[in-house]
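Visitor: below is the sequence, then the predicted model.
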Amino acid sequence: MEALPIAAPPETHADGRKLFIATMLGAIALRVMVFAAGLLSVHLAPPTAEPRFNFEHPWIAFDARSYRELALHGYAPDRKGAPYLGGNTFSLIAYFPLFPVVTRMLSTVMPIDAAMLMLSNVCSIIGFGFLFDWARRLAGLRTAALCVLLAATFPGAVAFAAGMTEGPFFMFVAIVLWLLEEDRFFWAALIAAIAATSRPTGVALAMLPPVYAWFRQKNTPPPRRLTNVVLLGLVAYSGSIAYEAFLWHRYQTPTAFFQAQSHWNDLNAERLQVEAAAHVDRHSLQFLLDTLMRPAGWNRAMAIPILLVSLAGLFWQKRVPREMFLLPLMIFLMTSLPGGGLRISSVPRYESVAAPLFLLVALWLAPRHRTRALVTVLLLQLAIQLYYAALFPRQIWVG
């Protein structure tokens, strides 16, 4: 008689708790490593290697400087604003209010730089915890642990270490996904509304609660089902609506946000004009080779597999709820379409919150015979992120 295969032992509560603790300790260790790499890079650099501001305020660079300005002084009282980074402070309304408001509150008990960094890093760790439990419910313990490690080592997650909104927004995304899997749609919509006051891509997250509820409530009578979805949508988008109402009231125009956003698009256009004046041929082989040697080129290359995994999740798999992949697809479009694609090099940073992508890749790499591929991906991701961590605090663009 042929022997029956031995079934794998069932996952116990004790197994889950141990693996959760081990995974979280691993994620924390990775984040400490990335944060330390940035500090070490700044302090080992020669005095002329980076602006003095970055040496005095490590990990407060690029967008983090704008959030620091808002936390210190708030939004401009009118569209004239005050001089700031080649424009005026009116343009800072492109940065949403939640992060600077909470930072300002924390700054009553600690320096404002420390408040920004603590908020970003602590929120990302909380996000890893919710990510683990969400992934565990869908795919089991081992895959959940791999999902967290893939998210923690992802190159775009370098922004979690900086004083920016990626860490808090990642936490909100993980909490919303966890609540949706629990069928707690109202609370998911409420968290999404709060998240929408932290960054523009909150509108992509706000889409998930009503869409997810529509597919999960198939047995509900159509009128009630439609009513539930509409109400959830109103709740989820209330954060965006509230911020738009504030801007309309203060600046006396419903297009204030888009006027401010155009300033940042103009800066990109000016960069292209400078390149044209210097006779830089963006279509030449030399320009392509030079781009491939810089983080911006690497990020553009990473945008392709991000898009492919998003499409695969939406159309060609059944393990993860397909509607979840609307989040990375919407974020991809919101990043790559404005400005004629000039921001596509920021796709990895924006997609660092796209938990469904990490879960799907974890499912692909979870089988034991793919351990080498898994280790290769993790090490490659971590190496790139550490390199980005060395560059970012020196005001060198990494996305």
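Guide: Nice, I can see it. This structure is a prediction, so every number in the text was calculated from the model and none was measured.
Visitor: what number of residues are in the vicinity of the residue nearest to Arg136 when sequence neighbours are not counted?
Guide: Leaving out its chain neighbours, the residue that sits closest to Arg136 by C-beta to C-beta, 6 or more residues apart in numbering is Ala144, at 4.0 Å. Yep, even glycine has a C-beta here, placed from its N, CA and C like the rest. Per other C-beta atoms under 10 Å, the neighbour tally for Ala144 reads 25.
Visitor: ok, now which ones touch Ala144?
Guide: Applying C-beta atoms under 8 Å, 6 or more residues apart in numbering, we find Ala144 in contact with Leu19, Thr23, Leu131, Phe132, Asp133, Trp134, Ala135, Arg136, Ala362.
Visitor: and if you look at Cys147?
Guide: Contact analysis of Cys147 by C-beta under 8 Å, 6+ apart lists Leu131, Phe132, Ala135, Ala139, Ala355, Phe358, Leu359, Ala362.
Visitor: cool, Ala22 as well?
Guide: By C-beta under 8 Å, 6+ apart, the neighbours of Ala22 are Ala145.
Visitor: what does the pLDDT read for it?
Guide: Note on Ala22: pLDDT of 96.
Visitor: figure out how far the helix or strand hosting it is from the centre of its chain.
Guide: For Ala22, the element it lies in under DSSP states H and E is helix 13-44. Centre-to-centre, helix 13-44 and its host chain are 18 Å apart (C-alpha atoms, centre = their mean, to the nearest Å).
Visitor: distance of the closest residue to Ala213 other than its chain neighbours from Gly233?
Guide: Nearest-residue entry for Ala213: Phe185, 4.5 Å, with adjacent residues in sequence omitted and distances by C-beta to C-beta, 6+ apart. To Gly233, Phe185 is 11 Å away according to C-beta to C-beta, to the nearest Å.
Visitor: what's the overlap in contacts for the two?
Guide: By C-beta under 8 Å, 6+ apart, Phe185 and Gly233 have these common neighbours: Pro209.
Visitor: so for the two, which sits in the more crowded spot?
Guide: Neighbour tally, Phe185 and Gly233, criterion other C-beta under 10 Å: the higher count belongs to Phe185, 24 against 19.
Visitor: tell me the contacts of the more buried one?
Guide: Taking C-beta under 8 Å, 6+ apart as the test, what Phe185 contacts is Leu179, Pro209, Tyr212, Ala213, Arg216, Asn228, Leu232.
Visitor: which of those has the largest number of neighbours?
Guide: Per-residue neighbour counts (other C-beta under 10 Å) across the contacts of Phe185 peak at Pro209, which has 28 neighbours.
Visitor: hang on, Leu380 in a helix?
Guide: Yes. Counting by DSSP: H, G, I helix; E, B strand; the rest coil, Leu380 is located in a helix.
Visitor: pLDDT score for it?
Guide: Reported pLDDT for Leu380: 97.
Visitor: for the helix or strand containing Ile331, name the packing helices and strands.
Guide: Assignment of secondary structure by DSSP H and E places Ile331 within helix 326-336. Packing partners of helix 326-336 (3 or more C-beta pairs under 8 Å, 6 or more residues apart in numbering; DSSP states H and E): helix 202-206, helix 208-216, helix 295-315, helix 347-350, helix 355-365.
Visitor: the second one vs helix 355-365, what angle?
Guide: Calculated by axes from the mean of the first three to the mean of the last three C-alpha atoms, to 10 degrees, helix 208-216 forms an angle of 60 degrees with helix 355-365.
Visitor: ok, and what's touching helix 208-216?
Guide: Contacts with helix 208-216, where a contact means C-beta under 8 Å, 6+ apart, come from 176-177, 180, 183, 185, 188-189, 192, 225, 228-230, 232-233, 235-236, 321, 323-324, 326-327.
Visitor: buried residues in the helix holding Ile331, which are they?
Guide: Of the residues in helix 326-336, Leu326, Leu327, Pro328, Leu329, Met330, Ile331, Phe332, Thr335, Ser336 count as buried by neighbour count, 16 or more other C-beta atoms under 10 Å.
Visitor: where does the stretch 201-350 of the chain have low pLDDT?
Guide: Along the stretch 201-350 of the chain, the model assigns pLDDT under 70 to residues 263-292, 339-342.
Visitor: what about the residue nearest to Ala151 when sequence neighbours are not counted, neighbour count?
Guide: Distances taken as C-beta to C-beta, 6+ apart place Phe358 nearest to Ala151, at 4.5 Å, with adjacent residues excluded. With neighbours defined by other C-beta under 10 Å, the count for Phe358 comes to 26.
Visitor: swap in Pro321?
Guide: Neighbour count of Pro321, defined by other C-beta under 10 Å: 18.
Visitor: contacting residues for it?
Guide: By C-beta under 8 Å, 6+ apart, the contact list for Pro321 reads Leu138, Tyr212, Phe215.
Visitor: in contact with the closest residue to the first one other than its chain neighbours: list those residues for me.
Guide: The shortest distance from Leu138 to any non-neighbouring residue, by C-beta to C-beta, 6+ apart, is to Val320 (6.2 Å). With contact set as C-beta under 8 Å, 6+ apart, Val320 has these partners: Leu138, Ala139, Gly313, Pro356, Leu359, Leu360, Leu363.
Visitor: which residue sits closest to Ala366, ignoring its sequence neighbours?
Guide: Closest residue to Ala366 apart from its sequence neighbours, by C-beta to C-beta, 6+ apart: Thr143 at 4.8 Å.
Visitor: so for that neighbour, what's the pLDDT?
Guide: pLDDT, Thr143: 96.
Visitor: how many residues are close by it?
Guide: The number of residues packed near Thr143 is 19, by other C-beta under 10 Å.
Visitor: pretty sure it sits against Leu363.
Guide: Yes. Contact criterion C-beta atoms under 8 Å: Thr143 and Leu363 qualify, at 5.8 Å.
Visitor: leaving out chain neighbours, which residue sits closest to Ala61?
Guide: Gln395 (5.1 Å).
Visitor: so that neighbour versus Arg65, what's the distance?
Guide: 9 Å.
Visitor: and the contacts of Pro321 as JSON lines, adding distance to Met110?
Guide: Shown next, in JSON lines, are the contacts of Pro321 (distance: C-beta to C-beta, whole Å):
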{"residue": "Leu138", "distance to Met110": "38"}
{"residue": "Tyr212", "distance to Met110": "38"}
{"residue": "Phe215", "distance to Met110": "44"}
